[in-house]
Structures are given as structure tokens and as C-alpha cells.
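Chemist: the following comprises the amino acid sequence and a computationally predicted model.
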Amino acid sequence: MLRPQVIDPFPEDIDRDGFGHWLAGFTDGEGCFCLPYTRNRKRTDAYTPSARFTINLRADDAVILYTIQSYWRKGRVSVNPLIDKRNPNPHIVFHVHGMRDLLNTVVPHFERFPLRAKKARDFAIWKQAVALLVEVSGKPPHRTGPLGRWTQEDLQKFLSLRAALENIRTYRPSPTDPPTGRFSQ
């Protein structure tokens, strides 16, 4: 289990409302609404649906991630151990993954300060998955085995939302998109 991380107070010289709007715009460009479906540590024959909100930046921008953490009073900031061959600079990641934190902090934030770009579509799907995860976590286990509280119907719904999230992220140029590349006319 991770030790609690000390979260500094939000700077008094920053307007909280203005920062909330800024964070929505920053998330449009740098944030990620994730729906991992990972192998369960306790049971190798089971997978666990979950949700996470992350922002991954170069390590020399760490101060902004700590400011976001202090704004929400939630989440963790940690070094990202993955090295990207195209950009070998060290990275740092802010992430929120506790269901209650996602439901009570992240979701209301983006409802109050709406996303304005394509990420708004991601958020709409992701928010449904968070609601499903919270609903399922409140159910009593209906059986022993790899699914625990999850019924096949619940799991199918989660996997459908996950697939919809992946699908919506696929770039599909439209005829009205401006040409790309240096030499396009």
C-alpha cells in the first residue's frame, strides 16, 4: 500500500475559480481519462475494471502537477518510470484513481468547468464508467470467483464504455479539415 503523500495548501495568490477554468483547458490538452482493465494481483485468472484521471508531463513541469494536487486536495504525483524513445526526458505523472475521489472531486470539477475540446467526449463516456464502478462497488458480492461483485452484464457495460472511449479517440479526418503537412495546398 502506498504511503499517504503530503499535499501542500493551495497558494493563496492564485484565484481558485480562475485556476478551475485553467485546469479544464489544460486537461483538454494534457489530461487523460483512462479506463484500465488490468490483471488482478490476487487472482491471475481475473481482470479488474477501474478508472483513473492522469496528467503526464516532463519532470521539469512538476510544480504544476503539485499545484493541481493542492487545488483538489486529492491524487498522487509520482515519477513515470516509462521512457519514451522519442522523448527520453524524465516524466512525472499526477493521477487520481480512488472511486470516491473520482466521483466526488474530478467529475464535479469538469461538470462545473466544462472541457471545450475533443476531451469533452472522452469525459462523457468516462463519467458513465465511473458511475458504473461506484454502483458495482456498492453491491454485495454475488458469488465467489474472478468477477466478485461484477455480473456479466455489468462487465459487458464497462467493456463497451471502454471500447467506446478507445473508438472516439481514433482520428478520422473530415473533408473540411485543413490540409496537413508543409507542402499541402
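Modeler: Sure, I can see it.

Chemist: the lengthiest helix in the chain - contacts with which helices or strands?
Modeler: Determined from DSSP state H, the single longest helix within the chain is helix 119-137. Here helix 119-137 touches helix 16-30, strand 31-34, helix 99-101, helix 107-112, helix 152-168, going by 3 or more Cβ pairs under 8 Å, 6 or more residues apart in numbering; DSSP states H and E. No exception for glycine: its C-beta is placed from N, CA and C like everyone else's.

Chemist: okay if I get the ones you listed as JSON lines plus mean pLDDT?
Modeler: What follows is the helices and strands packed on helix 119-137, written out as JSON lines (pLDDT from 0 to 100):
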{"stretch": "helix 16-30", "mean pLDDT": "97"}
{"stretch": "strand 31-34", "mean pLDDT": "97"}
{"stretch": "helix 99-101", "mean pLDDT": "93"}
{"stretch": "helix 107-112", "mean pLDDT": "98"}
{"stretch": "helix 152-168", "mean pLDDT": "94"}
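
Chemist: out of these, which gets nearest to residue 130?
Modeler: Proximity to residue 130, assessed across the helices and strands packed on helix 119-137 by Cβ to Cβ, is greatest for helix 107-112 (6.2 Å).

Chemist: residues in contact with the most centrally placed residue in the chain?
Modeler: Centroid-nearest residue in the chain, with Cα atoms, centre = their mean: residue 53, separated by 1.9 Å. Going by Cβ atoms under 8 Å, 6 or more residues apart in numbering, residue 53 touches 31-34, 75, 95-97, 102, 106.

Chemist: so for the helix or strand it falls within, what gets flagged as buried?
Modeler: For residue 53, the enclosing helix or strand under DSSP states H and E is strand 52-58. For strand 52-58, burial by neighbour count (16 or more other Cβ atoms under 10 Å) applies to 52-57.

Chemist: who's in contact with the lowest-mean-pLDDT helix or strand in the chain?
Modeler: Using mean pLDDT, DSSP states H and E, strand 37-39 stands out as the lowest-scoring helix or strand of the chain, at a mean of 82. The contact list for strand 37-39 (Cβ under 8 Å, 6+ apart) reads 46-50, 158-159, 162.
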